[in-house]
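S.K.: give me the fold of what follows.
(2 chains)
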Protein chains: 2
Amino acid sequence: MRATVIHAPGDIRVEDAPEPKILKSTDAIIRTVATCVCGSDLWPYRGLEPIGDPHPMGHEYVGIVEEVGSEVGNVKPGQFVVGSFATSDNTCANCKKGWQSSCLNREFMGTCQAEYVRIPNAHGTLVATDEHPSGELVPSLLAVSDVMGTGWYAALAAEVKPGSTAVVVGDGAVGLCGVIAAKELGAERIIAMSRHESRQKLALEFGATDIVSERGEEGIARIKDLTGGIGADSVLECVGTSQSMSQALHSARPGGNVGFVGVPHEVAVDGQELFFSQVGLRGGPAPVRRYLPDLIDRVLSGHINPGKVFDLTLPLEQVAEGYKAMDERRAIKALLTP
Amino acid sequence: MRATVIHAPGDIRVEDAPEPKILKSTDAIIRTVATCVCGSDLWPYRGLEPIGDPHPMGHEYVGIVEEVGSEVGNVKPGQFVVGSFATSDNTCANCKKGWQSSCLNREFMGTCQAEYVRIPNAHGTLVATDEHPSGELVPSLLAVSDVMGTGWYAALAAEVKPGSTAVVVGDGAVGLCGVIAAKELGAERIIAMSRHESRQKLALEFGATDIVSERGEEGIARIKDLTGGIGADSVLECVGTSQSMSQALHSARPGGNVGFVGVPHEVAVDGQELFFSQVGLRGGPAPVRRYLPDLIDRVLSGHINPGKVFDLTLPLEQVAEGYKAMDERRAIKALLTP
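M.R.: Numbers count the residues shown, from 1 in each chain, chains lettered A, B, ... in the order given. Below you'll find the predicted structure:
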């Protein structure tokens, strides 16, 4: 089969690779219908994370089940399935409490930009749709497997409630999905921080009520202006840098909450500053599995359309262009079709 | 009048000082019935916080109203009142949302170890009891003005709910009050981390179900053992050091919460570690004003007795011995009577 391999910063290739096989009785093999490039894939691509030996890439996927291990009873060959970037058995103590992304048997996906993928913990990870969805729904279902699920978690971690004021820091695919989530959860005012016209436009389409293009001190001042001088109830931090975290913490009111879902890179939070801010802080890899049935329903009913974050669709063979376009911010998110 | 002044680390004296006067129309003057020494007072006493010029000390108080400014309508001379270490107008945007300790007009108390005290924002800070309480209730009402209110906030910030498992890190007065709070809020299992027999005893009396005397890696392992391998739902961090914060974060399960109320000293939280822990974190000065009516009721009805944390009672003139006894951990908390 054809599969994506990263060799060095900036060096992404599609190569021949052996098709994956069932290794454990809880595995499944899927034929990828669509996969994509994640903002977090850009960290190694940009040389900001070590790569080590050449290795496969990709953790977002929807596909058709090809084969299942003997313990996989929830899905069967031929079904269209959505999963999560973090696999889970859905039965351990953490899963039972709804924190499947901290499953005691978790394995992170990392080989999805390929024609076929082995899904560990398939029994607790994959959710099948009743029918094969129409092609136009595929991008949104793909988004659910990571960015939409992650935006949803950001909004929940930030405790968005009906009537809340929410700020979204970051206008990447996750931030934009965070706008959808904030709206679905009933936020009355949604302030998207963005300096890019096309992303501002999509944010407004997704439900943002205000756009703030300033950053740093000026950005914080604008947020305070828009929130009665005290800051927002909920802030979704969807970047993962020291600057974005600071922006988020200073944009929340005392008693407010920051949900942070960008994997932090060289971020340290000062204890005393956090203390006196009285801001609640929760982050992590989103427990997408918990949200899958609900989010799939919202997509299939046409209620949300997070697939719009894919503004570039390429054949898998052109994956390198997908990375390049996202790196250069020419594309929000690139969808790949094997 | 007689008032406490800190001159240098270890040098606390009671001196003659002018009686306080009404400075603003929202002030009140109270005659102190009881005051006390706080764990946080030990930071400058131990030379761990700069002292600068000699200055008064103390932020915990109950007393009798002597005089009120023209805008103070909620209490009147002759009434017994309980307040908070953080004063609040109780009308600003933060106060309205219940975050009075971040009141836009907040002034922290700092002159309470004295015979008379000026209370700024008295109109939004003081709560009077219907009658003068009996002397045996005074210690518990005094506790409500800070340590009990702070323990209560720690438990709420840690999201203790009926049936929760809670861990309390720190066996000082706040930690012990945190045990009371966790019990009142319905925690099923309350694990107190303590190495001191007298404090372990009080923790058990207050409702702790388990005592863990180990710390660090061993302490974390013990907590995991007691919580099905994943950690506690709620952790109350009541110390404020880097070690205690680490202990707290590693004692909570993914999706669990840490409420931290010890003012952090040289604490930095690693963003990536917090991210993958999926632990929610909220701290700060407790919004005691929000809890005062409820906590006063619980004390007056005999439902809780946080005054037991005072295991040393001294006349104000012997304040130096109060600090010394607490510094040497001979006393949990020293009550002072002017």
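S.K.: next one: stretch A:228-243 to chain centre, how far?
M.R.: How far stretch A:228-243 lies from its chain's middle: 18 Å, per C-alpha atoms, centre = their mean, to the nearest Å.
S.K.: now it: mean pLDDT?
M.R.: What stretch A:228-243 shows for mean pLDDT is 96.
S.K.: A:S246 and A:L274: what is the separation?
M.R.: 11 Å (C-beta to C-beta, to the nearest Å). Backbone N, C-alpha and C define where each C-beta goes, glycine included.
S.K.: let me fix that: A:V65
M.R.: If you measure A:V65 against A:L274 using C-beta to C-beta, the figure is 45 Å.
S.K.: and if you look at A:E184?
M.R.: Distance of A:E184 to A:L274, given as C-beta to C-beta: 28 Å.
S.K.: neighbour-wise, which of those two wins?
M.R.: Remark: of A:E184 and A:L274, A:L274 carries more neighbours, 23 against 19, as counted by other C-beta atoms under 10 Å in any protein chain shown.
S.K.: show me what contacts the residue nearest the centre of chain A?
M.R.: In chain A, the residue lying closest to the centroid (C-alpha atoms, centre = their mean) is A:V147, at 2.3 Å. Contacts for A:V147 (C-beta atoms under 8 Å, 6 or more residues apart in numbering or on different chains) come out as A:38, A:60, A:173-174, A:177, A:306, A:309, A:333.
S.K.: in strands, which of these fall?
M.R.: Cross-referencing these against strands under DSSP state E gives A:K333.
S.K.: list just the nearest of the contacts of A:V147 to chain B.
M.R.: Nearest to chain B among the contacts of A:V147: A:V174, at 13.7 Å, using C-beta to the nearest C-beta.
S.K.: what residues does the stretch 101-250 of chain A put near chain B?
M.R.: A:101-102, A:104, A:157, A:228-230, A:240, A:242, A:245 (C-beta under 8 Å from any C-beta of the partner chain).
S.K.: and the helices in the stretch 101-250 of chain A?
M.R.: Applying DSSP state H, counting those that start in this stretch to the stretch 101-250 of chain A gives helices spanning A:122-125, A:138-144, A:147-157, A:173-184, A:197-206, A:216-226, A:242-251.
S.K.: the ones you listed: which one's closest to A:P293?
M.R.: Across these, A:P293 has its closest neighbour in helix A:138-144 (10.3 Å, C-beta to C-beta).
S.K.: the closest one packs against which elements?
M.R.: On a contact count with 3 or more C-beta pairs under 8 Å, 6 or more residues apart in numbering or on different chains; DSSP states H and E, helix A:138-144 meets strand A:28-36, strand A:61-68, strand A:80-82, helix A:288-300, strand A:310-315.
S.K.: could you redo the last one with a cut-off of 6 Å?
M.R.: Here helix A:138-144 touches helix A:288-300, going by 3 or more C-beta pairs under 6 Å, 6 or more residues apart in numbering or on different chains; DSSP states H and E.
S.K.: show me what the helix it packs on is packed up against.
M.R.: Helix A:288-300 is packed against helix A:138-144, helix A:147-157, with contacts defined by 3+ C-beta pairs under 6 Å, 6+ apart.
S.K.: at 10 Å instead, please
M.R.: Under the contact criterion of 3 or more C-beta pairs under 10 Å, 6 or more residues apart in numbering or on different chains; DSSP states H and E, helix A:288-300 touches strand A:80-82, helix A:122-125, strand A:127-128, helix A:138-144, helix A:147-157, helix A:173-184.
S.K.: adding distance to B:A86 and mean pLDDT, write those out as JSON lines.
M.R.: Formatted as JSON lines, the helices and strands packed on helix A:288-300 follow (distance: least, C-beta to C-beta, whole Å; pLDDT from 0 to 100):
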{"stretch": "strand A:80-82", "distance to B:A86": "49", "mean pLDDT": "98"}
{"stretch": "helix A:122-125", "distance to B:A86": "47", "mean pLDDT": "98"}
{"stretch": "strand A:127-128", "distance to B:A86": "48", "mean pLDDT": "98"}
{"stretch": "helix A:138-144", "distance to B:A86": "44", "mean pLDDT": "98"}
{"stretch": "helix A:147-157", "distance to B:A86": "27", "mean pLDDT": "98"}
{"stretch": "helix A:173-184", "distance to B:A86": "31", "mean pLDDT": "98"}
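S.K.: of those, which is nearest B:A203?
M.R.: Between B:A203 and the helices and strands packed on helix A:288-300, the shortest gap by C-beta to C-beta is with helix A:147-157, which sits at 31.7 Å.
S.K.: what angle sits between the closest one and strand A:28-36?
M.R.: Here helix A:147-157 runs at an angle of 80 degrees relative to strand A:28-36 (axes from the mean of the first three to the mean of the last three C-alpha atoms, to 10 degrees).
S.K.: where does the stretch 101-250 of chain A get nearest to chain B, residue-wise?
M.R.: For the stretch 101-250 of chain A, C-beta to the nearest C-beta, closest residue to chain B: A:S102, 3.5 Å.
S.K.: show me the domain layout of chain A.
M.R.: As given by automatic domain parsing, the domain ranges for chain A are A:2-146+A:287-337, A:148-283.
S.K.: determine which stretch of those domains is the most buried.
M.R.: Ranked by mean neighbour count, these are led by domain A:148-283 with a mean of 23 (mean count of other C-beta atoms under 10 Å in any protein chain shown).
S.K.: helix or strand for A:R282, which one?
M.R.: Assigning secondary structure by DSSP states H and E places A:R282 in strand A:280-283.
S.K.: with just CA atoms, put that strand into PDB.
M.R.: Provided in PDB are the C-alpha atoms of strand A:280-283 (Å, rounded to 0.1, in the frame of the first residue of the first chain):
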ATOM      1  CA  GLY A 280      -9.700  27.300  36.300                       C
ATOM      2  CA  LEU A 281      -7.500  25.400  33.900                       C
ATOM      3  CA  ARG A 282      -8.000  22.000  32.200                       C
ATOM      4  CA  GLY A 283      -6.300  20.600  29.200                       C
END
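S.K.: rounded mean pLDDT for it, please.
M.R.: Rounded mean pLDDT across strand A:280-283 is 98.
S.K.: who does that strand touch, helix- and strand-wise?
M.R.: helix A:147-157, strand A:232-237, helix A:242-251, strand A:252-260, strand B:252-260, helix B:271-277, strand B:280-283.
S.K.: and A:G280, what is it in contact with?
M.R.: Taking C-beta atoms under 10 Å, 6 or more residues apart in numbering or on different chains, we find A:G280 in contact with A:157-159, A:234, A:252, A:255-259, A:274, B:157, B:159, B:257, B:259, B:280-284.
S.K.: should've said A:A3
M.R.: A:A3 is in contact with A:13-20, A:32, A:56-58, A:111-117, A:316, A:319, A:338, counting by C-beta under 10 Å, 6+ apart.
S.K.: the residues you listed in strands, which ones?
M.R.: Using DSSP E, the contacts of A:A3 in strands are A:13-16, A:32, A:56, A:116-117.
S.K.: low pLDDT regions in the stretch 51-200 of chain A?
M.R.: For the stretch 51-200 of chain A, no stretch is flagged by pLDDT under 70.
S.K.: show me the contacts for the residue nearest to A:D41 when sequence neighbours are not counted.
M.R.: Closest residue in space to A:D41, ignoring its immediate chain neighbours: A:M57 at 5.9 Å, by C-beta to C-beta, 6 or more residues apart in numbering or on different chains. If a contact means C-beta under 10 Å, 6+ apart, then A:M57 has A:3-6, A:12, A:35, A:37-38, A:41, A:44-45, A:110-114, A:319, A:323 as its contacts.
S.K.: quick check: pLDDT value at A:L48.
M.R.: We note a pLDDT of 89 for A:L48 in this prediction.
S.K.: wait, A:I223
M.R.: We have a pLDDT of 97 for A:I223.
S.K.: against B:T241, how distant is it?
M.R.: According to C-beta to C-beta, A:I223 stands 33 Å off from B:T241.
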